[in-house]
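**Q** below are the sequence and a predicted model for it; my questions follow.
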Amino acid sequence: MKTTNKTTIGEIAADDFRTAAIFSKYSIDFCCKGHRTLKEACKKRGIEESLLIDELDRATNNSANQSFNYKSWSSDLLADYIEKTHHRYVAEKTPVLRKLLNELCTVHGETYPDLFEINTLFTESALDLSANMRKKEQVLFPFIKKINEAHSKGLFLEIAHFGTLENQILLIKEEHDTVGQRFKKIAALTKNYTPPADTCNTYKVTFAMLKEFEHDLHKHIHLENNILFPKAVALEKA
């Protein structure tokens, strides 16, 4: 992340919306008080500037867009990757987006009433995703890892208490479809995440974060539906 002593936090957030999550974490107002420099904002909040810069650098220099041959990965490795990458992403971004959407509804809801429906759709999706991830982390993924271990060692594995893995996966896929449909509505309501002209930084950042959230969700679901789940079902049958 390139900045100067005169770079404002509003400029940083506008240049790369991923920084908004860091500013929100430290309750730094990058919208109405976005004219402040990093030094001024840190001094006001009692934050070490170098530490904040390090966090901003990590947020803008992650390797999330790297391309891997996921099909070559074992099912247990892929389950770990999904949990540590995509589940953590959802857990981290959800509270930030809910806070931003609530602010938009309060400030701009009268002028742009679609914000209320967008907020409702995202909140419903966030709740469903939380339950979906919890189910996978506590039940589905551990069983997939057991299947992988049993297969690699030639061991017998008893049927899970929830029945076949395939039936459990069908339920997960239905939940994926529900969340996916909601995001199609959000994309339509936001005109593919295009904020109205002359709106504030918060509006622009929120729409950009929603777009990134949907992009991550698509990859998340793709890795599960099209790679992990078929691998796991094949192992269970074997």
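**A** Sure, I can see it.
**Q** in terms of secondary structure, what does the lowest-mean-pLDDT helix or strand in the chain contact?
**A** Sorting the helices and strands of the chain by mean pLDDT, DSSP states H and E puts helix 141-153 at the bottom, at a mean of 80. On a contact count with 3 or more C-beta pairs under 8 Å, 6 or more residues apart in numbering; DSSP states H and E, helix 141-153 meets helix 75-82, helix 165-189, helix 229-237. (Glycine included, C-beta is placed from N, CA and C.)
**Q** out of these, nearest to residue 121?
**A** Taking C-beta to C-beta, helix 165-189 is the member of these nearest to residue 121, at 4.7 Å.
**Q** buried residues in the least confident helix or strand of the chain?
**A** Of the residues in helix 141-153, 141, 143-145, 147-148, 150-151 count as buried by neighbour count, 16 or more other C-beta atoms under 10 Å.
**Q** coming back round to it: got CSV for the helices and strands packed on helix 141-153, with distance to residue 93, mean neighbour count and mean pLDDT too?
**A** Listed next are the helices and strands packed on helix 141-153 as CSV, based on distance: least, C-beta to C-beta, whole Å; neighbours: other C-beta atoms under 10 Å; pLDDT from 0 to 100:
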stretch, distance to residue 93, mean neighbour count, mean pLDDT
helix 75-82, 16, 20, 94
helix 165-189, 13, 15, 91
helix 229-237, 24, 18, 83
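**Q** quick one: low-confidence ranges for this protein?
**A** 1, 32, 62-67, 151-163, 238 (pLDDT under 70).
**Q** select, out of the helices and strands packed on helix 141-153, the one closest to residue 4.
**A** helix 165-189 (35.8 Å).
**Q** just the residues contacting the closest one, thanks.
**A** 114, 117-118, 121-122, 124-125, 128-129, 131-132, 135-136, 139-140, 143-144, 147, 160, 162, 193, 210, 214, 217, 221, 224-225, 229, 232-233, 236 (C-beta atoms under 8 Å, 6 or more residues apart in numbering).
**Q** among the residues you listed, which are in helices?
**A** 114, 117-118, 121-122, 124-125, 128-129, 131-132, 135, 143-144, 147, 210, 214, 217, 221, 229, 232-233, 236 (DSSP state H).
**Q** quick one: contacts for the residue nearest the centre of the chain?
**A** Central residue of the chain (C-alpha atoms, centre = their mean): residue 90, 3.3 Å from the mean position. Residues in contact with residue 90 (C-beta under 8 Å, 6+ apart) are 126, 129-130, 133, 213, 216-217, 220.
**Q** most widely separated two among those residues?
**A** Between all members of those, the farthest pair (by C-beta to C-beta) comes out as 130 and 216, at 15.1 Å.
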